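Undergrad: sequence first, then the predicted structure, then my questions.
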Amino acid sequence: MRARLALFITAGVVGAALGGAAISSALTDPDVRVDAIEANGITRATAGPPPQGTASTSGSDPAGAVRVQQVDALEQLTGTLRAGEDPDDWFVSGVEVDFGPDAWISAAPAFEDYDRDGASEPLLAELRGLEGRNLTLGVRYEIEDDRDDADVFTVGGLAYRDAAGAPAPWQMAPSGTEASREEIAGAATAAVGDGAVTIDVDREADDGWRGWDVEVRAADGREYQVYVELTGAVIDVRPDN
């Protein structure tokens, strides 16, 4: 896939410099010779820095240079979106589709109007608005052999996360001062209510998201799972089943 993408990009760039007739002849007739040309303002196509020892012909990248990056293509997955038990459980045509970690999905803000109801709502509300609908996702399968888990990059043609290799939204470093373990426990019990006590406090690192998962027992004996950000902000409180 990468080789073909690089060929098409290179062909398009060279074609713009040579003219349509020349590149058409070069691609259809292997005996046609195309003279070398100098294309100013175009950098080397690569997914990373040039190998050590590679000489630069320009000394530095010219202003306004066109950068070409190799990106693995997305596959289109079409079907009805179904929800599972937890906020991060979603399925399309028998494939588990990954929108991000449980705690992050519960607290993620609005990005796009994915359900096209005229308002951009918090992410979980948008996903619930899509539940039961037929839609197309742009995905990459996590394990090529099984093809039953896929990371989501586009939703109905709208961007969800960067497909060119940038960190996912939930992998961004948190801003603010980290709260202590005692402060995390205090925030979790306060979120459950008076008389609540902490049962367990675990630091989480779920697919790049970092925070705390706190088990709390309420005054009436019921238990809750409380997600807390590193800063001490409570994200979600849910009954612990």
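TA: Right, received. Where do you want to start? Numbers count the residues shown, from 1 in each chain.

Undergrad: could you use CA atoms for every contact and neighbour count after this?
TA: Will do.

Undergrad: how is the chain partitioned into domains?
TA: Listed by automatic domain parsing, the domain ranges of the chain are 1-73, 75-171, 181-239.

Undergrad: ok, for Ser106, nearest residue in space, not its chain neighbours?
TA: Leu124 (6.0 Å; C-alpha to C-alpha, 6 or more residues apart in numbering).

Undergrad: the domains of the chain: lowest mean pLDDT?
TA: Mean pLDDT values for those show the minimum at domain 1-73, a mean of 42.

Undergrad: separation between the closest residue to Trp90 other than its chain neighbours and Ala103?
TA: Spatial nearest neighbour of Trp90, excluding adjacent residues (C-alpha to C-alpha, 6+ apart): Ala83 at 4.6 Å. If you measure Ala83 against Ala103 using C-alpha to C-alpha, to the nearest Å, the figure is 16 Å.

Undergrad: what are the ranges of the strands in this protein?
TA: 75-83, 90-92, 95-98, 134-141, 149-155, 158-159, 197-206, 209-217, 223-229, 234-239 (DSSP state E).

Undergrad: can you put those strands in JSON lines and add distance to Ala168 and mean neighbour count?
TA: JSON lines is the format used below for these (distance: least, C-alpha to C-alpha, whole Å; neighbours: other C-alpha atoms under 10 Å):
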{"stretch": "strand 75-83", "distance to Ala168": "18", "mean neighbour count": "17"}
{"stretch": "strand 90-92", "distance to Ala168": "18", "mean neighbour count": "20"}
{"stretch": "strand 95-98", "distance to Ala168": "12", "mean neighbour count": "21"}
{"stretch": "strand 134-141", "distance to Ala168": "14", "mean neighbour count": "20"}
{"stretch": "strand 149-155", "distance to Ala168": "10", "mean neighbour count": "20"}
{"stretch": "strand 158-159", "distance to Ala168": "12", "mean neighbour count": "15"}
{"stretch": "strand 197-206", "distance to Ala168": "12", "mean neighbour count": "16"}
{"stretch": "strand 209-217", "distance to Ala168": "9", "mean neighbour count": "23"}
{"stretch": "strand 223-229", "distance to Ala168": "17", "mean neighbour count": "24"}
{"stretch": "strand 234-239", "distance to Ala168": "19", "mean neighbour count": "17"}
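
Undergrad: and of the ones you listed, who's closest to Glu178?
TA: strand 223-229 (8.6 Å; C-alpha to C-alpha).

Undergrad: which other helices and strands contact the closest one?
TA: For strand 223-229, the helices and strands in contact under the criterion 3 or more C-alpha pairs under 8 Å, 6 or more residues apart in numbering; DSSP states H and E are helix 181-192, strand 209-217, strand 234-239.

Undergrad: dump that strand to PDB, restricted to CA.
TA: Taking Å, rounded to 0.1, in the frame of the first residue of the first chain, the C-alpha atoms of strand 223-229 are listed here in PDB:
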ATOM      1  CA  GLU A 223     -20.300   0.200  45.500                       C
ATOM      2  CA  TYR A 224     -19.200   2.500  42.700                       C
ATOM      3  CA  GLN A 225     -16.400   2.900  40.200                       C
ATOM      4  CA  VAL A 226     -15.100   6.400  40.000                       C
ATOM      5  CA  TYR A 227     -12.700   7.600  37.300                       C
ATOM      6  CA  VAL A 228     -10.600  10.600  38.300                       C
ATOM      7  CA  GLU A 229      -8.100  12.600  36.200                       C
END
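
Undergrad: name the strands paired with that strand and say parallel or antiparallel.
TA: Applying DSSP bridges, strand 223-229 is found paired with strand 209-217 (antiparallel), strand 234-239 (antiparallel).

Undergrad: need those strands in a markdown table with distance to Asp151, can you?
TA: Output for the strands paired with strand 223-229, formatted as a markdown table (distance: least, C-alpha to C-alpha, whole Å):
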| stretch | distance to Asp151 |
| --- | --- |
| strand 209-217 | 15 |
| strand 234-239 | 23 |
